[in-house]
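> everything below, folded, please.
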Amino acid sequence: MNFFDYFQFASVVIFLVIMVAKIFYLRLSRNINPIAIGRGKKGFRLAVELISFSSLLLWMVEVLLYAFHSGFRIFPSPLHVQLVSSQPVKLVGVALASLGLAIFASAYFSFGDSWRVGFDVKRPGALVTSGIFSISRNPIYLSLDLLFMGVFLINGTLIFLIFAALAIANMHWQIRQEEEFLSNLYGQPYRNYCARTGRYFIR
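Numbers count the residues shown, from 1 in each chain. Sure, this is the predicted structure:
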């Protein structure tokens with residue numbers, strides 16, 4: 001294993017630790033179940049949400065297989081063709097992934113008790129507009145975009161390009177669904193927030 005392998009392994013571990021720690025904190029300290037995947041959903045929206053979550057887990061497994069140079073591959077060999085491979089490109093990938101993890105951690109801190117996976121109609125939490133959310137309305141999605149792009153540049157294979165492209169498209173779709181949900185939930189305060197804060201970056 002080299003630096004890039006260790007970095008990818010550490011990235012997956014950090015990602016999981018942050019998310020699992022937040023889940024346990026909300027459940028044990030606040031009596032909140034933050035996992036709202038599939039609640040109130042049906043049909044196409046439910047399928048997209050479940051496929052998205054499963055794909056994230058599959059992506060993490062694939063990252064670990066690459067990091068440990070495993071001979072086992074989930075996907076057929078044509079999807080593992082090398083598209084790009086150079087030290088500068090890998091370093092750019094490390095920078096993007098590192099930035100993504102930093103934004104991810106900051107978002108979880110800023111979210112407080114309002115963080116949810118999915119739409120929680122019964123206990124949605126307060127609208128968060130401070131911290132990293134004063135710069136981006138969707139810092140977690142932004143962080144995942146950066147992480148997916150960074151991992152592709154580190155490995156340079158077709159499968160990770162496909163993962164990145166599908167993830168970015170899917171997360172944009174999810175953002176649009178959440179905007180509708182949050183607009184109905186919080187009303188004018190949320191619309192005022194949208195007017196002064198960019199979907200991905202500060203205006």
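
> for this structure, give me the ranges with low pLDDT.
Scanning the chain for pLDDT under 70 picks out 34, 36-42, 116-125, 202-203.

> helices of that one, start to end?
Assigned by DSSP state H, the chain shows helices spanning 3-29, 43-67, 87-111, 139-155, 158-186, 188-196.

> buried deepest among those helices, which one?
Mean neighbour count (mean count of other C-beta atoms under 10 Å) peaks for helix 139-155 among those, with a mean of 24. All C-beta spots, glycine's among them, are computed from the backbone N, C-alpha and C.

> that helix - contacts with which helices or strands?
The helices and strands touching helix 139-155, judged by 3 or more C-beta pairs under 8 Å, 6 or more residues apart in numbering; DSSP states H and E, are helix 3-29, helix 43-67, helix 87-111, helix 158-186.

> format the ones you listed as JSON lines; extra columns: distance to residue 148.
Output for these, formatted as JSON lines (distance: least, C-beta to C-beta, whole Å):
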{"stretch": "helix 3-29", "distance to residue 148": "11"}
{"stretch": "helix 43-67", "distance to residue 148": "7"}
{"stretch": "helix 87-111", "distance to residue 148": "8"}
{"stretch": "helix 158-186", "distance to residue 148": "4"}
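
> out of those helices, which gets nearest to residue 75?
Of all the helices and strands packed on helix 139-155, helix 158-186 sits nearest to residue 75, with 5.5 Å by C-beta to C-beta.

> what's the distance between the closest one and the middle of its chain?
Between the centre of helix 158-186 and the centre of its host chain there is 9 Å, according to C-alpha atoms, centre = their mean, to the nearest Å.

> try stretch 130-139
Worked out by C-alpha atoms, centre = their mean, stretch 130-139 lies 15 Å from the chain centre.

> neighbouring contacts of it?
With C-beta atoms under 8 Å, 6 or more residues apart in numbering as the test, stretch 130-139 has contacts from 103-104, 106-107, 109-111, 142, 175, 178, 193-194, 197-202.
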